[in-house]
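**Student:** Got a sequence here, can you build the structure:
(one chain, ligands or ions: 1)
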Amino acid sequence: MVESCIVKISRSIILCLGLLLAACLPARLAKPGAATPGVAPATPASTSAIQETPTAASTPGANLPPARTNFPSCEPAAGLLPFKIASAQAIEKPTDAPSMRLLAKQHDLFIGTATDPGYLQNDSAASQLLAREFNMLVPEVAMKWEIIHPEPERYDFSRGDALVTFARQHGMAVRGHVLVWDLQMPAWVTNGQFTRQEWMQILCTHIKSVVSHYRGQIYAWDVVNEAVNQDGTLRNTFWMNKLGPEHIAMAFQWAREADPNAKLFYNDNGGEGLNPKSQGIYALVQGLQQTGVPIDGVGMQMHTSLGGAPPAIELSANMQRLAELGLEIHITEMDVRLQYSTSDNETKLAQQADIYQQVLSVCLSVHNCKAFLTWGLTDRYSWIPGFTGKPDAPLLYDKDGVPKPAYFAIVKLLANQ
Ligand code: G3I
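**Tutor:** Reported below is the predicted structural model:
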């Protein structure tokens, strides 16, 4: 009881401090001006051939050129069938102990994780754990360009379809990941030599084909991923090179045309607290909104480590100012690396639990923070050891699927204890 009061009081303090900080930010960052919060209506699709448009130079996020929302459009690739699920029955499986998903429901929160059909097919304990504890999933790689659109005229939806089917069979929502990103792109795109008009056609057809295939099945799409530098300027990405900063507005427009009901997100890492990057992201999404680009939310990836997490007060202020724009916020890819700490294992796991709890606590205190996802189900499936070359244990469950202190910290918070 006393503990519950303390948790509630600390959440309120974080929220108040967050509001205070947001109010102290420069006016151009703190308020959305005359923009109407929420989703701007999509411009009707035009089927005319894509025309050349001038490219603007790389621009700091805080000083973006005006975006347009009437870019020439395209049709999805011919012959693709929309994805239909034979028995799309949403079921809430009863569980013995309160699961994260049951507790999260009381908070109107999606609790999710990244996965791949390969993991689920080969590990029935993992797939049971996923269905029991989570009510949202995101494909870790299955919907990336290299996999889903490996050749110009060939789409392979098999892995994405398997995950969407799993999700629907277990009453889970799906985040679509990802439409515009530099990594895991097929050679036919990265080595391609095309005119600007052809690049627009390629990007438009990819987005409209993939999003149309999953129309009605995806809660939210990561439309554009990691387009901002640490200093808040736009990154010199593949699509920035080909189409300039306008590619961001184009991607949102085409995604909205293909599925008017999916929420469209900008997703990034390192802009969770208050820093030049999060200011650049704020300016970017505010600029998109003000020019009628259909953006609905911001994903905060939250790949972090012991000692590296953003201060709760900054995370709160940053979420709050995005929420004030009417945007939904998701923690999209959280993991907490242990490998840089020299403490004993028990201490590391306790500190990891605190970080997970703190981030979730801020999310619960901001009304528009609607989803909290980890980047991998168990430590066995984390991308971190492969990436850093060192063992690690950044997730909620150990390699054998045994819940760690971080799991219990989350359950406790969700249960308001
Ligand atoms: O599946 C192939 C396999 O057939 C091949 O033998 C092997 C050789 O390298 O590669 C395998 O593909 C790898 C794939 O993961 C599947 O595990 C790719 O090389 C590897 O690049 C890919 O890494 C993924 C990375 O994104 C790039 O797509 C990671 O698993 C995934 O965790 C990571 O996720 C990203 C988010 O999408 C965006 N935010 C950051 C996050 C972490 O980098």
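**Student:** Next one: Thr205, what pLDDT does it get?
**Tutor:** You'll see Thr205 listed with a pLDDT of 98.
**Student:** separation between it and Tyr155?
**Tutor:** Counting by CB to CB, to the nearest Å, the gap from Thr205 to Tyr155 is 10 Å. For glycine as for every other residue, the C-beta is placed from the backbone atoms N, C-alpha and C.
**Student:** what's the answer for Asp400, then?
**Tutor:** Counting by CB to CB - Asp400 and Tyr155 are separated by 36 Å.
**Student:** More neighbours: which of the two?
**Tutor:** Set Asp400 next to Tyr155 and count neighbours by other CB atoms under 10 Å: Tyr155 wins out with 19 against 9.
**Student:** near the ligand, which residues of the stretch 151-300 of the chain show up?
**Tutor:** 183-184, 225, 269 (CB under 6 Å from any ligand atom).
**Student:** check contacts around the one residue in the chain that gets nearest to the ligand.
**Tutor:** For the chain, the residue closest to the ligand is Trp383, as judged by CB to the nearest ligand atom, at 3.3 Å. Contacts were defined as CB atoms under 8 Å, 6 or more residues apart in numbering; by that measure Trp383 touches 140, 375-376.
**Student:** how about 6 Å then?
**Tutor:** Contact analysis of Trp383 by CB atoms under 6 Å, 6 or more residues apart in numbering lists nothing.
**Student:** Is it correct that Leu288 falls within a helix?
**Tutor:** Yes: counting by DSSP: H, G, I helix; E, B strand; the rest coil, Leu288 is found in a helix.
**Student:** Next, count neighbours for it.
**Tutor:** 23.
**Student:** tell me, how many neighbours does the closest residue to it other than its chain neighbours end up with?
**Tutor:** Nearest non-adjacent residue to Leu288, counting by CB to CB, 6 or more residues apart in numbering: Ile295, 4.9 Å away. Counted with other CB under 10 Å, the neighbours of Ile295 add up to 30.
**Student:** Now do the strands in the stretch 101-250 of the chain.
**Tutor:** Listed in chain order, the strands of the stretch 101-250 of the chain (DSSP state E, counting those that start in this stretch) span 110-115, 136-139, 173-180, 220-225.
**Student:** Just checking: what are the partner strands of the first one?
**Tutor:** Okay, so that is strand 110-115. strand 136-139 (parallel), strand 369-374 (parallel) (DSSP bridges).
**Student:** got the angle between that strand and strand 220-225?
**Tutor:** Interaxial angle, strand 110-115 versus strand 220-225 (axes from the mean of the first three to the mean of the last three CA atoms, to 10 degrees): 60 degrees.
**Student:** I figured Trp199 hits Asn241, correct?
**Tutor:** No: Trp199 lies out of contact with Asn241 (CB atoms under 6 Å); the separation is 9.4 Å.
**Student:** how about the strands of the stretch 251-400 of the chain, start to end?
**Tutor:** 263-268, 297-300, 303-305, 328-337, 369-374.
**Student:** got a list of contacts for the third one?
**Tutor:** The contact list for strand 303-305, computed with CB under 6 Å, 6+ apart, reads 269, 335-337, 340.
**Student:** With the second one instead?
**Tutor:** The contact list for strand 297-300 (CB under 6 Å, 6+ apart) reads 222, 263, 265-267, 272, 285, 322, 327-332.
**Student:** I appreciate the help and will end here.
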